[in-house]
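Undergrad: The following comprises the amino acid sequence and a computationally predicted model.
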Amino acid sequence: MKSAPKSAIRILEEIKSHQSFCVVGHIRPDGDCIGSQLALTLALKSLGADVVCWNQDPLPPKLLFMDPQGLLQQPQKGYKFDCVIAVDAASYERIGSVVDSITERKLLINIDHHPSNTRYGDLNWIASNASSSGEMIFQLMKAARWPVTAEIADGLFTAISTDTGSFQYPSTSPDTFQTAGELVKRGASIARICDEVYQSYSLSRVRLLRRVYNQFKLTDENQIAYLWLKKSDYSKTGATREDTEGLIDHIRAIEPVVVACLFEEVEPGETRISLRSKHPDVNVNEIAKLFGGGGHKAASGARIEGSQLSVQRKVISAIRKALKTLSPEE
Ligand code: AMP
């Protein structure tokens, strides 16, 4: 496994010389964000530091198992911190309303693996080739020689497993497998985690999935697949926003599809898009950036204002343009 880079060592020096911390992540936290936030919080607590772990949004019900101690809390006012550490948050805005509660701080540390990260911290460690922020937190903990308990190992294993699509995405490197192996050695419970994450879907999600298969559309010689999830889809199935996690993978998995796009109605006039690319030369991070979002080459997202029809037209046309750069035999 690679040794920690200078930026990580510098971050450790700062952590060691401070006492009060706030660990934050991104809005609508996913497994990688939650696992990284919790692992870092537990590690800092075990060193005797004063730590709070805040996110604007609560844990999605499906990932409640990750936080048996209820460490992840909603932000409160009136706190002062030596260090705020943001994990897995590609921009300061992605931290959401938590930013209003972390203004009293000496230092902002930014640890992330998104290539679109805007380097908003006073100290930034951005490893865009890391599979997940969880993999980075493990590297940090190893460099610091902090004990990795079974609880921390569970969080980091879940982080890595969820952000690599269960070790399938191209971001999965030999280091990723080595890290996962070390986490299992330290007590990560693969069977329980996989059961909770991959074998425990709510019935409402399954009803939503049925609509996905009924409603998705294909265009551009089946190279683009897209799907709308509207408020009525939630009310008719009893599903919630959390139930959408991973739904896009079902249309991404269709053989001729190169780019999959999920349009999700957030509010009338506001749409959230999720993009997935299966081709190394089609970079959906660049497409998301056109709309003020970001992410990775193969997975990205954005929030876009405008009528549903105009959002759909603009996004599909941007995807089409990206596909045109591929040579015909591809
Ligand atoms: P999602 O489609 O929500 O699973 O997101 C795919 C990837 O894009 C994740 O790594 C997200 O963190 C990132 N992402 C999603 N939305 C945004 C956004 N508005 N700005 C920056 N990154 C985003």
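TA: Yes, it's here. Residues are numbered from 1 along each chain as shown.

Undergrad: can you tell if the helix or strand residue 135 falls within touches the ligand?
TA: Using DSSP states H and E, residue 135 falls within helix 133-144. No. Using C-beta under 6 Å from any ligand atom, helix 133-144 never reaches the ligand; the gap is at least 9.5 Å. Every residue, glycine included, has its C-beta placed from N, CA and C.

Undergrad: Give me the residues contacting that helix.
TA: 1-4, 8-9, 11-12, 15-16, 32-33, 35-36, 39-40, 43, 87-88, 111-113, 125, 127, 130, 148, 152, 155-160, 163, 175-176, 179, 182-183 (C-beta atoms under 8 Å, 6 or more residues apart in numbering).

Undergrad: Give me the neighbour count for the residue of the stretch 151-300 of the chain found nearest the ligand.
TA: Closest residue of the stretch 151-300 of the chain to the ligand, C-beta to the nearest ligand atom: residue 295 (2.5 Å). For residue 295, the neighbour count with other C-beta atoms under 10 Å is 21.

Undergrad: The closest residue to residue 266 other than its chain neighbours - how many residues pack around it?
TA: Setting aside the residues directly before and after it, residue 266 is nearest to residue 272 in space (C-beta to C-beta, 6 or more residues apart in numbering), at 5.1 Å. Neighbours of residue 272 under the rule other C-beta under 10 Å: 20.

Undergrad: which residues pair with residue 272 across the strands?
TA: Beta bridges link residue 272 to residue 264, residue 303, judged by DSSP bridges.

Undergrad: phi, psi of the closest residue to the ligand within the stretch 51-200 of the chain?
TA: With C-beta to the nearest ligand atom, the shortest gap between the stretch 51-200 of the chain and the ligand falls at residue 90, namely 4.3 Å. Reported as degrees, to the nearest 10, the phi and psi values for residue 90 are phi -70, psi -20.

Undergrad: Tell me which helix or strand the closest residue to it other than its chain neighbours sits in.
TA: Spatial nearest neighbour of residue 90, excluding adjacent residues (C-beta to C-beta, 6+ apart): residue 114 at 4.0 Å. Residue 114 belongs to no helix or strand when assigned by DSSP H and E.

Undergrad: Can you get me a residue count around residue 114?
TA: 23.

Undergrad: Show me the contacts of helix 133-144 that map onto helices.
TA: The helices, defined by DSSP state H, take in 8-9, 11-12, 15-16, 32-33, 35-36, 39-40, 43, 152, 155-160, 163, 175-176, 179, 182-183 from the contacts of helix 133-144.

Undergrad: mind listing the strands for the chain?
TA: For the chain, applying DSSP state E gives strands covering 20-24, 50-54, 72-73, 81-87, 105-112, 123-126, 217-219, 224-229, 259-267, 270-277, 294-295, 299-305.

Undergrad: what pairs with the fourth one, and is each one parallel or antiparallel?
TA: When you say that, I think you mean strand 81-87. strand 20-24 (parallel), strand 105-112 (parallel).

Undergrad: Can you tell me which of the ones you listed is packed in deepest?
TA: Highest mean neighbour count of the strands paired with strand 81-87: strand 20-24, a mean of 24 (counted as mean count of other C-beta atoms under 10 Å).

Undergrad: who touches that strand?
TA: By C-beta under 8 Å, 6+ apart, the list of residues contacting strand 20-24 reads 15, 37, 40-41, 44, 49-55, 79-87, 89, 95, 98, 102, 105.

Undergrad: what pLDDT, on average, does that strand get?
TA: Taken as a whole, strand 20-24 carries a mean pLDDT of 98.

Undergrad: again, but for stretch 122-134
TA: 97.

Undergrad: Tell me how far that stretch lies from the chain's centre.
TA: With C-alpha atoms, centre = their mean, to the nearest Å as the basis, stretch 122-134 stands 12 Å off its chain's centre.

Undergrad: now the end-to-end length of that stretch.
TA: 21 Å (C-alpha to C-alpha, to the nearest Å).

Undergrad: Up against the ligand, what does this protein have?
TA: So the chain meets the ligand at 90, 94, 114, 116, 274, 293-296, 299-303 (C-beta under 6 Å from any ligand atom).

Undergrad: Can you say which of those residues are buried?
TA: Taking 16 or more other C-beta atoms under 10 Å as the criterion, what is buried in these is 90, 94, 114, 116, 274, 293-296, 299-302.

Undergrad: Would you format those residues as TSV with distance to residue 144 and pLDDT included?
TA: Shown next, in TSV, are these (distance: C-beta to C-beta, whole Å; pLDDT from 0 to 100):
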residue	distance to residue 144	pLDDT
90	24	97
94	26	97
114	23	96
116	27	93
274	35	98
293	33	96
294	29	94
295	29	93
296	27	92
299	29	94
300	31	96
301	32	97
302	35	98
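
Undergrad: Can you tell me which of those residues is nearest residue 26?
TA: Lowest distance from residue 26 to these (C-beta to C-beta) belongs to residue 94, with 4.3 Å.
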